[in-house]
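[1] below is the sequence, then the predicted model.
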Amino acid sequence: MLDLKLFQKDFELFAQKLKNKKVDEDLLKILSELFAQLKKEKAILEELQAFQNKFSKELSNSTNKEELKIQLSENKAKISSLNQKVNALQNELQTISHSIPNIPDDDVPIGKDEDENIELKKVLEPPRFDFEPKEHFDLAAKLDWIDFVRGVKISQSRFCVLKNEAALLNRALINYMIDFNCKRGFKLVNVPFLVNSNTMFGTGQLPKFKEDMYKIDAEDLYLISTSEIPVTNLYADEIIPKEMLPLKMTCYSACFRKEAGSAGRDTRGIIRQHQFEKVELVSITKPEQSDEVFEQMVSCGSDLLSSLGLAHRHMMLCTGDLGFSAAKTIDLEVWLPGQNRYREISSISNCRSFQARRAKIRYKNEQGKNELVHTLNGSSLAVGRTLVAIIENYQDKDGKIHIPDVLKKYF
């Protein structure tokens, strides 16, 4: 959540940054009008309060007490009425602010959509084949690794069943990712997959993305779309001792997302499912630590891909492609030879104090004052997409899949 006081103080700068993030201009106009109205009403209220304070003190020495009493009584009624109006305006602003995204960092490139993201670097060379590489769903069907028909039968579209070596490989990837992240200093936590609405609000899923969430009927519980949600909120409404920071955590979870806006996209295979698995990185830091920890998280995800022998690239997201809570994001995109293109496999984001303000996560700074922390999150990695990448990159001309050396001990 944005700092409304800073927003009002430098409205034009904030508004332009939000326009770059594709926030509706009509909404910004409403905000501008509310800020102006609130400023006007507060100025009148301050005048009325000053009158009340001044003449209340002079009442006992006044030569016209009765008339002054009447004036003070009328003025008090005006103050009460205006207080209600000011509170209503502040509540309206607060409600609107819940749906306004984080502002991008100054070094984030300005752009409309993913086509204007900036490639920072490539890591490893894509494999070369002396045959036409197949896509993962064709290979998996032939090997009886993934059952799409029965996944739909027991659930609905965008669900599948992993079988045989695919199920073993999936488990191996999860264990390997957790071990890799722990060696990089991220401590393992295990959290619920069902969380309440306050938790969803804290990291920005509610109210903005309510239509993408699976809710449990008649209960204040939602299935998580990423373990960033419960892990970040472990420290909601807490003041963390500064000695504990940075907190660096990793977590495996199943994730659930309606994919409401993805009709017609990735309808074949397991690139875009309603249920999927991730191993997540989450960090909570002092403001001055977050840039360094952000680089550590990007390196962790990239090095993990390299250890699996998977060619990938680093992409800086432009303003128009940034997520709701993110101030800066670097995507890691893995090479998929069956598709002959790079596809996102991880997003690492620095959310600055945006989520911390919503979730009320603070720490005691060097001056002993409560200050908002910075929160960061990133996939390390999306397990299903890593499975896809291994199937496509490690295929041979006979349709068999070879296993990366680092995973063999997990079988």
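    Yep, that arrived.
[2] work out the gap between the helix or strand hosting Leu168 and the centre of the chain.
    Assigned by DSSP states H and E, Leu168 belongs to helix 164-183. Distance, stretch centre to chain centre, for helix 164-183: 24 Å (CA atoms, centre = their mean, to the nearest Å).
[3] which helices and strands sit right next to that helix?
    If you count contacts as 3 or more CB pairs under 8 Å, 6 or more residues apart in numbering; DSSP states H and E, helix 164-183 packs onto helix 136-143, strand 187-188, strand 247-256, strand 275-285, helix 290-307, strand 374-382, helix 383-393. Bear in mind the C-beta positions are built from the backbone N, C-alpha and C, glycine included.
[4] tell me the most buried of the ones you listed?
    Of the helices and strands packed on helix 164-183, the one with the most neighbours on average (mean count of other CB atoms under 10 Å) is strand 374-382, at a mean of 28.
[5] would you mind getting the angle between that one and strand 247-256?
    Orientation check (axes from the mean of the first three to the mean of the last three CA atoms, to 10 degrees): strand 374-382 against strand 247-256 gives 50 degrees.
[6] distance between the ends of stretch 151-165?
    For stretch 151-165, the first-to-last residue distance is 17 Å (CA to CA, to the nearest Å).
[7] please state the offset of that stretch from the chain centre?
    With CA atoms, centre = their mean as the basis, stretch 151-165 stands 28 Å off its chain's centre.
[8] correct me if wrong: Cys182 contacts Cys251.
    No. Cys182 is beyond contact range of Cys251, at 11.1 Å (criterion: CB atoms under 8 Å).
[9] hey, what's in contact with both of the two?
    Leu188 (CB atoms under 8 Å, 6 or more residues apart in numbering).
[10] out of the helices and strands packed on helix 164-183, flag the one nearest Asn170.
    When the helices and strands packed on helix 164-183 are compared by CB to CB, helix 383-393 sits nearest Asn170, at 5.7 Å.
[11] and the closest residue to Ser353 other than its chain neighbours, what are its bridge partners?
    Excluding the flanking residues, the one nearest Ser353 by CB to CB, 6 or more residues apart in numbering is Leu372, at 4.1 Å. Note on Leu372: beta-bridge partners by DSSP bridges are Arg362.
[12] neighbours around Leu372, how many?
    20 (other CB atoms under 10 Å).
[13] quick one: contacts for it?
    Pro287, Ser353, Ala356, Arg357, Ile361, Arg362.
[14] nearest to Leu72 among those residues?
    Closest to Leu72, out of all of these and judged by CB to CB, is Arg357, at 39.4 Å.
[15] doesn't the closest one fall inside a helix?
    Yes. Assessed by DSSP: H, G, I helix; E, B strand; the rest coil, Arg357 belongs to a helix.
[16] tell me the phi and psi of the one residue sitting closest to the centre of the chain?
    Nearest residue to the geometric centre of the chain (CA atoms, centre = their mean): Ser325, 4.8 Å. Dihedral pair for Ser325: phi -90, psi -10, per degrees, to the nearest 10.
[17] any idea which element Ile103 lies in?
    Going by DSSP H and E, Ile103 is not in any helix or strand.
[18] next one: the one 5 residues further on
    Assigning secondary structure by DSSP H and E places Val108 outside every helix and strand.
[19] list the contacts of it.
    Counting by CB under 8 Å, 6+ apart, Val108 touches Met316, Leu317, Cys318, Thr319, Leu322, Ala327, Lys328.
[20] where does it land on pLDDT?
    For Val108, the pLDDT comes out at 98.
[21] how much space between it and Ser379?
    Look at Val108 and Ser379: by CB to CB, to the nearest Å, they are 19 Å apart.
[22] picking up where we left off before, columns mean pLDDT and distance to Phe209 on top of the helices and strands packed on helix 164-183, output as CSV?
    Putting those into CSV (pLDDT from 0 to 100; distance: least, CB to CB, whole Å) gives the following:
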stretch, mean pLDDT, distance to Phe209
helix 136-143, 95, 28
strand 187-188, 98, 27
strand 247-256, 98, 12
strand 275-285, 97, 16
helix 290-307, 98, 23
strand 374-382, 97, 15
helix 383-393, 98, 20
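[23] these into TSV, with extra columns for distance to Lys19?
    Listed next are the helices and strands packed on helix 164-183 as TSV, based on distance: least, CB to CB, whole Å:
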stretch	distance to Lys19
helix 136-143	39
strand 187-188	40
strand 247-256	31
strand 275-285	29
helix 290-307	25
strand 374-382	24
helix 383-393	32
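[24] quick one: closest of the ones you listed to Ser99.
    Among the helices and strands packed on helix 164-183, the nearest to Ser99 by CB to CB is strand 374-382 (19.1 Å).
[25] mind listing the helices for this protein?
    Using DSSP state H, the helices of the chain run over residues 4-9, 11-20, 25-58, 65-97, 136-143, 148-154, 164-183, 197-202, 228-232, 290-307, 354-359, 383-393.
[26] could you list every helix and strand that the fourth one packs against?
    Here helix 65-97 touches helix 4-9, helix 25-58, going by 3+ CB pairs under 8 Å, 6+ apart.
[27] next, the buried residues of that helix.
    Asn75, Ile79, Leu82, Val86, Leu89, Leu93, Ser97 (16 or more other CB atoms under 10 Å).
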